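K.L.:
Sharing a sequence plus its predicted fold:
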Amino acid sequence: MTRAVMQQALEALENAQGNYGDYWMDTIAALRNALAKQEAESHLQAVADFGQLQEREPVAWQWLDTATFRKKIPPTGESECWNPLYASPPKRQPEQEPVGFVVMERQPLTHEQRLDLLTAFAPSRSSWNAESILIDMVEAAHDIGEKT
């Protein structure tokens, strides 16, 4: 059923509703929904058609980032010197999914590393921020934390 026929049927039913009360309400609602759906689909199709049209060819050409514009590249012009201009931005490419990732396992410090760390920490043991110094030293030994 074409849009014009559905619109005529809707108008006829709305006019007849005064004589028949709520008898045609379901039919009227169905016609309104069908008209709205058809309008939405035609709008989406128009947007899709416009997008495809814009993707096919540029609307103008610009000479080497200057203020010189042409609808077509001149026959004597070098095509690599002309930049295409489009009415809409190009389609975004979907981001590539990561193929995988590497998990770096941290190993506990060896006995020697612990002794070296405690020896290096000894002068700071009585400092007011001794805990922070120790934490920073352990993070540095594991190659984590802030890089200063």
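P.N.:
That came in fine, so what should we check first?

K.L.:
Would you agree residue 134 falls within a helix?
P.N.:
Yes - looking at residue 134 with DSSP: H, G, I helix; E, B strand; the rest coil, it is inside a helix.

K.L.:
I'd like to check which residues are in contact with it.
P.N.:
121, 124 (C-beta atoms under 8 Å, 6 or more residues apart in numbering). For the C-beta atoms, the positions are set from N, CA and C on the backbone; glycine is no exception.

K.L.:
rerun that using 10 Å as the cut-off
P.N.:
117, 118, 120, 121, 124, 125, 127 (C-beta atoms under 10 Å, 6 or more residues apart in numbering).

K.L.:
and what of residue 80?
P.N.:
Listed by C-beta under 10 Å, 6+ apart, the contact set of residue 80 reads residue 64.

K.L.:
In terms of pLDDT, where does it sit?
P.N.:
pLDDT recorded at residue 80 is 78.

K.L.:
ok, it to residue 58 distance?
P.N.:
Relative to residue 58, residue 80 is positioned 14 Å away (C-beta to C-beta, to the nearest Å).

K.L.:
before we move on, back to that, filter the contacts of residue 134 down to the buried ones, ChimeraX style.
P.N.:
Restricted to buried positions by 16 or more other C-beta atoms under 10 Å, the ChimeraX selection for the contacts of residue 134 reads:
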select :117,121
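
K.L.:
Which parts of this structure are strands?
P.N.:
Using DSSP state E, the strands found in the chain span residues 60-63, 69-70, 82-85.

K.L.:
With mean neighbour count added, can I get the ones you listed in TSV?
P.N.:
Supplementary listing: those in TSV, determined by neighbours: other C-beta atoms under 10 Å:
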stretch	mean neighbour count
strand 60-63	16
strand 69-70	13
strand 82-85	14
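
K.L.:
Can you tell me which of the ones you listed is nearest to residue 108?
P.N.:
The minimum distance between residue 108 and those falls on strand 82-85, with 58.6 Å, by C-beta to C-beta.

K.L.:
Need the residues that contact that closest one.
P.N.:
By C-beta under 10 Å, 6+ apart, strand 82-85 touches 57-66, 68-70, 72-74.
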